[in-house]
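Participant: any chance you could fold what I've pasted below:
(chains A and B, ligands or ions: 2)
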Number of protein chains: 2
Amino acid sequence: DHYIICGFGRIGSLICKEFKANGLKFVVVEKDGDTLEKIKGESYLHMRGDATQDESLLKAGIKRARGLISVVTSDTENVYITLTARGLNPDLYILARSGEEGSDIKLKRAGANKVVSPYLIGGSRMAQSVLRPNVVDFIEIATGSEHMDLQMEEITIPHHSAFVGETLVSSGFRKEIGVIIVGIKKTHGKMVFNPHSQAKIEGGDTLIILGEPGAITKLDDLVARPATDEVIKQHRREHSDHEK
Amino acid sequence: DHYIICGFGRIGSLICKEFKANGLKFVVVEKDGDTLEKIKGESYLHMRGDATQDESLLKAGIKRARGLISVVTSDTENVYITLTARGLNPDLYILARSGEEGSDIKLKRAGANKVVSPYLIGGSRMAQSVLRPNVVDFIEIATGSEHMDLQMEEITIPHHSAFVGETLVSSGFRKEIGVIIVGIKKTHGKMVFNPHSQAKIEGGDTLIILGEPGAITKLDDLVARPATDEVIKQHRREHSDHEK
Ligand SMILES: [Ca+2]
Ligand SMILES: [Ca+2]
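Facilitator: Numbering: from 1, shown residues only, chains lettered A, B, ... in the order given. Ligands and ions are numbered 1, 2, ... in the order given. Got it, this is the predicted structure:
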């Protein structure tokens, strides 16, 4: 149920910060003594070890871990860590960082579920800042935690939710709560973009939402309630008044 | 009317590729001989020179340039290039790459309009891939050019457009064209998020749009037409039929 973060460089430390802010459990594996000193200042759970070695990953609890994030500086080592981790746990979610061009293919071949290349993302973001400056602003606001006007979030509809079987328009999500549903990831894995107002909500659907953080929190609370709940009944009354 | 790209490393070459694909004019300034050989293979306009020097930037046409992108490897040199460029052209759009923590503040102080840190973006993307995997997928699809199902784009409403004075719902953009307007950047600079269906469209507004690339192209064509245009009249007939 925890994550193993291999490497506490610039990217590793950023990931730790975000994980801690979101309450995720994790342990950092780092072999460099000076870097370990920096971790101690942050009070993160950590251990000294070489993540390319079986015994280090076993000690970090790889058999029962939920995921591993390989963000050491060298591509060669990230590939090696990925291979070692995949060998020890076939079901683990592995996220790896790619540096040089071409290493992403090797990381995937070694067993990574997802590869992120900071250079590629950085270059693309810079080009888009010139080509589509307002789209870039919009995305930075929607995905950053600093701006409180807008957030992009995902919420999964529980099977017992009062909204199972409703349509987007009948749910009142847009009119009563003020959020836009820009996508629905169905349980079979397909993503529906810009879903129609008559699109049906099913249990297990993950909604991709744009809205104010407060409205998203309200929606998150609402979809967890069954049809018999008083808060749901109140929401329905308001929505039917609005529709008149 | 052109852009000056300083540095042809991994990020610089990526930016050149995107700029060329989008028909932007640019010249690359690079001082390293081996790197210059790589540019020759790409047939980009380029010159050998040290972008920290006035004469190199003057030769690259900085006085009449639209923007400068400083993406050499060293933060110190990116700061120096930014300072030099700002001194030569006070109105230039300057976009700079930041490496080490803290250099972003120095780059802004030196005169950069926008600073992008690949490490910061990469680390944040990796954390979000664990925290909000479906939001990350959605954004990668909407901002990447590979997936043809969805695109995020910005379109500015010309002052003569047939849609000036209409509301989002009366425009038929959602129902007839199938795009969602997720934001409106007003001429005074403020961005309205998740605009209401009764929000008024004004000349000079920049709409932030989510939709299929084909639908976005159609909208781009439509908003450029005056009210008297036959295509506009047809759109209105379809929309009023739909509303009945
Ligand atoms: Ca935000
Ligand atoms: Ca796309």
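
Participant: please list all residues in contact with the residue of chain A found nearest ligand 2.
Facilitator: Of all residues in chain A, the one sitting closest to ligand 2 is A:F193 (9.7 Å; CB to the ion). Where C-beta positions appear, they are placed from N, C-alpha and C, glycine not excepted. Contacts for A:F193 (CB atoms under 8 Å, 6 or more residues apart in numbering or on different chains) come out as A:182-183, B:141, B:149-150, B:210, B:212.

Participant: not counting its neighbours along the chain, what's nearest it?
Facilitator: Closest residue in space to A:F193, ignoring its immediate chain neighbours: B:L150 at 4.4 Å, by CB to CB, 6 or more residues apart in numbering or on different chains.

Participant: how many other residues sit next to that neighbour?
Facilitator: B:L150 has 21 neighbours, counted by other CB atoms under 10 Å in any protein chain shown.

Participant: which residues sit in contact with it?
Facilitator: Applying CB under 8 Å, 6+ apart, the residues near B:L150 are A:193-194, B:138, B:141-142, B:210-212.

Participant: next: A:G7.
Facilitator: A:29-30, A:51, A:70-73.

Participant: got the residues of chain A near ligand 1?
Facilitator: Selection of chain A residues close to ligand 1 by CB under 5 Å from the ion yields A:144, A:147, A:151.

Participant: let's have the contacts of A:G7 in JSON lines, adding secondary structure.
Facilitator: Below are the contacts of A:G7 laid out as JSON lines (DSSP: H, G, I helix; E, B strand; the rest coil):
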{"residue": "A:V29", "secondary structure": "strand"}
{"residue": "A:E30", "secondary structure": "strand"}
{"residue": "A:A51", "secondary structure": "coil"}
{"residue": "A:S70", "secondary structure": "strand"}
{"residue": "A:V71", "secondary structure": "coil"}
{"residue": "A:V72", "secondary structure": "coil"}
{"residue": "A:T73", "secondary structure": "coil"}
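
Participant: picking that back up, among the contacts of B:L150, which are in helices?
Facilitator: Counted as lying in helices by DSSP state H, out of the contacts of B:L150, are B:138, B:141-142.

Participant: quickly find the element holding the residue lying closest to A:R132 once chain neighbours are set aside.
Facilitator: Counting by CB to CB, 6+ apart, A:R132 lies nearest to B:E154, which is 5.4 Å off, once chain neighbours are set aside. Per DSSP states H and E, B:E154 falls inside strand B:151-156.

Participant: what pLDDT, on average, does that strand get?
Facilitator: Over the span of strand B:151-156, the pLDDT mean works out to 96.

Participant: if you count neighbours, what's buried in that strand?
Facilitator: B:151-156 (16 or more other CB atoms under 10 Å in any protein chain shown).

Participant: out of the residues you listed, who's nearest A:S240?
Facilitator: Closest to A:S240 out of these is B:M152 (34.0 Å), distances taken as CB to CB.

Participant: surely the closest one touches A:V136?
Facilitator: No: distance between B:M152 and A:V136: 9.7 Å, which falls outside the contact criterion (CB atoms under 8 Å).

Participant: can you say which of the contacts of A:G7 are buried?
Facilitator: Going by neighbour count (16+ other CB under 10 Å), the contacts of A:G7 have A:29-30, A:51, A:70-72 buried.

Participant: quick one: which of those is nearest B:L92?
Facilitator: For the buried ones among the contacts of A:G7, the residue nearest B:L92 by CB to CB is A:V71; the value is 35.6 Å.

Participant: packing partners for the helix or strand where A:L83 lies?
Facilitator: According to DSSP H and E, A:L83 maps onto helix A:75-88. On a contact count with 3 or more CB pairs under 8 Å, 6 or more residues apart in numbering or on different chains; DSSP states H and E, helix A:75-88 meets helix A:54-59, strand A:67-70, strand A:93-97, helix A:103-110.

Participant: tell me which of those is the most buried.
Facilitator: Among the helices and strands packed on helix A:75-88, strand A:67-70 has the highest mean neighbour count (mean count of other CB atoms under 10 Å in any protein chain shown), at a mean of 26.

Participant: what's in contact with that one?
Facilitator: Counting by CB under 8 Å, 6+ apart, A:3-7, A:12, A:15, A:51, A:57, A:62, A:78, A:81-82, A:85, A:92-97, A:112, B:126, B:130 sit against strand A:67-70.

Participant: mind listing the strands for chain A?
Facilitator: A:3-6, A:26-30, A:46-48, A:67-70, A:93-97, A:114-116, A:151-156, A:180-185, A:191-193, A:206-211 (DSSP state E).
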